[in-house]
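1. With the sequence up front, the predicted model follows.
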Amino acid sequence: MAGIYVHIPFCRQACHYCDFHFSTYHKLIRPVLEAIGRELHLRQDYLQGAAVETIYFGGGTPSLLNPEDLQVLLDQIYEIFPVPGSCEITLESNPDDLNKKKVRALRSMGINRLSIGAQTFHDEYLTYLNRVHTAEDIKRSFFNARECGFDNINLDLIYAIRENYTDMLKKDLVEIGNLRPEHISAYCLTIEPVTVFGRWLDKSKIPPVPDHEAAEQFEIISEHLGLLQYDHYEISNFALPGYFSRHNTNYWMENVYLGIGPSAHSYNLKQRQHNLDNNSRYIKSLTMGNIPATIEYLSIPNRINERILTGLRTSRGCDLNGIRKDFGVDILGKNGDYIQELADKEMVILTDGIMKLNRKGMLFADRIASDLFVSEGEI
Ligand code: SF4
């Protein structure tokens, strides 16, 4: 199973928290799309003929493109790679882009999963985040999508936006429950240094959100969505039965994927490739016929540590027996006392060599994973 990710690096305006690669300079849209087409051709052997089960347009804001341009990209993919009819094709979108005409065009070109960046249903907080849209836009776009035949919709939600956000979050969850999308991604606002919020925090213009508030909100989300029958299948992701994101699951299962566009990553079991995150240089490199990527060869400890990190983040858990079988490293034997201590604190569950985090443990997932990591000199 293989996936293709296409990064569309343009947005209408910069959200104050965002450190993804994007530009608000739209004159480069056309040359970037042409360069993406070139990259697709140059990378035609990367997946070695594997069927492409998922295609994901991310960004940036792919919904900012007109449907004709998206159709050209899809046609190029169909022409170069084997894509079965069952392929999950996701488009990330912002509510202000999703008028009925556009949504209908997206659906009729074969996009079958829509991810809508809702973030919050409170206009004052949307303004604070510097989002372009309103709460009303979220509902309108959602109903437009439903009316035009999208039966697999994700809503993105952000929590811990400011201090004392818990009551706001509870109202967001009521709104989400009313809409009942098939999938919800809920992210804690993290303040990155090279963002507007990062600068504000640095100058003490905004206070940090206390950890205990963020933790409380995470637990509220997990519990509330659980009551609504959503499966908490990855730390930040919830799905109704049968609606896991196949694309993201592909990443977590260590399957191969090809990332196209500025800043996109690719993975083929042995190495990761990182495309450069500069639109002009990306265009220039592809105009000269060169793929603008750096290659990182993955060592055995790299691969084990990724498996620990991604496994612990999912409800599948981390298969410690599998790590021992594939790499000869006994994580359980090396960390038996520590894992037992976590189990006594009701943070992990260990069954038949599969280690899973429960809700309390998920709050410390990164820390627990790094405590189990294997170092380069160790094997
Ligand atoms: S729309 Fe998305 S990618 Fe663009 S700035 Fe906002 S969060 Fe970042």
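-> Received the coordinates, thanks.

2. for this structure, what's the longest helix?
-> helix 211-227 (DSSP state H).

3. Show me what counts as buried in it.
-> Neighbour counts over helix 211-227 (16 or more other C-beta atoms under 10 Å) mark E213, A214, A215, Q217, F218, I221, S222, H224, L225 as buried. Backbone N, C-alpha and C define where each C-beta goes, glycine included.

4. So which elements touch that helix?
-> With contacts defined as 3 or more C-beta pairs under 8 Å, 6 or more residues apart in numbering; DSSP states H and E, helix 211-227 has these neighbours: strand 153-159, helix 166-179, strand 183-188, strand 231-234, strand 237-239, helix 359-362.

5. out of those, nearest to N279?
-> strand 153-159 (23.7 Å; C-beta to C-beta).

6. what does the closest one contact?
-> For strand 153-159, contacts defined as C-beta atoms under 8 Å, 6 or more residues apart in numbering pick out 17, 90, 113-120, 129, 138, 142, 145-146, 165, 169, 172, 176, 179, 181-189, 214, 217-218, 221, 245.

7. one more time with 7 Å, if that's ok
-> 114-120, 142, 145, 165, 169, 172, 176, 179, 181-189, 217, 221 (C-beta atoms under 7 Å, 6 or more residues apart in numbering).

8. for I349, phi and psi?
-> phi -130, psi 130 (degrees, to the nearest 10).

9. and this protein, which residues reach the ligand?
-> By the rule C-beta under 6 Å from any ligand atom, the part of the chain lying against the ligand is C11, A14, C15, C18, F20, F22, G59, G60, T61, N94, G117.

10. was I right about T54 contacting H247?
-> Yes - shown here, T54 and H247 form a contact pair, counting by C-beta atoms under 7 Å, at 3.9 Å.

11. joint contacts of the two?
-> Shared contacts of T54 and H247, defined by C-beta under 7 Å, 6+ apart, are found at G3, E88.

12. So between the two, which is more surrounded?
-> T54 (25 against 21; other C-beta atoms under 10 Å).

13. Now for that one: which residues touch it?
-> With contact set as C-beta under 7 Å, 6+ apart, T54 has these partners: G3, C87, E88, R246, H247, N250.

14. Could I have the buried ones of these as ChimeraX selection syntax?
-> Filtering those down to the buried ones (16+ other C-beta under 10 Å) takes a single ChimeraX command:
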select :3,87,88,246,247,250
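
15. The residue in the stretch 251-379 of the chain that the ligand sits nearest to - how many residues pack around it?
-> Residue of the stretch 251-379 of the chain nearest the ligand, by C-beta to the nearest ligand atom: S263 (10.9 Å). Per other C-beta under 10 Å, the neighbour tally for S263 reads 19.

16. For it, give me its contacts.
-> Per C-beta under 7 Å, 6+ apart, neighbours of S263: H7, P9, H21, N275, D277.

17. what residues does stretch 40-52 touch?
-> Residues contacting stretch 40-52 (C-beta under 7 Å, 6+ apart): 2-4, 76-77, 80-84, 87, 256, 258, 260, 266, 268, 291.

18. In contact with the spatially most central residue of the chain, which residues?
-> Taking C-alpha atoms, centre = their mean, the centroid of the chain lies closest to N248, which sits 6.8 Å from it. Shown in contact with N248 (C-beta under 7 Å, 6+ apart): N237.

19. Please, which helix or strand holds it?
-> Using DSSP states H and E, N248 sits in helix 246-252.

20. Beyond that helix, next helix or strand please.
-> With elements assigned by DSSP H and E, the helix or strand that comes after helix 246-252 is strand 256-260.
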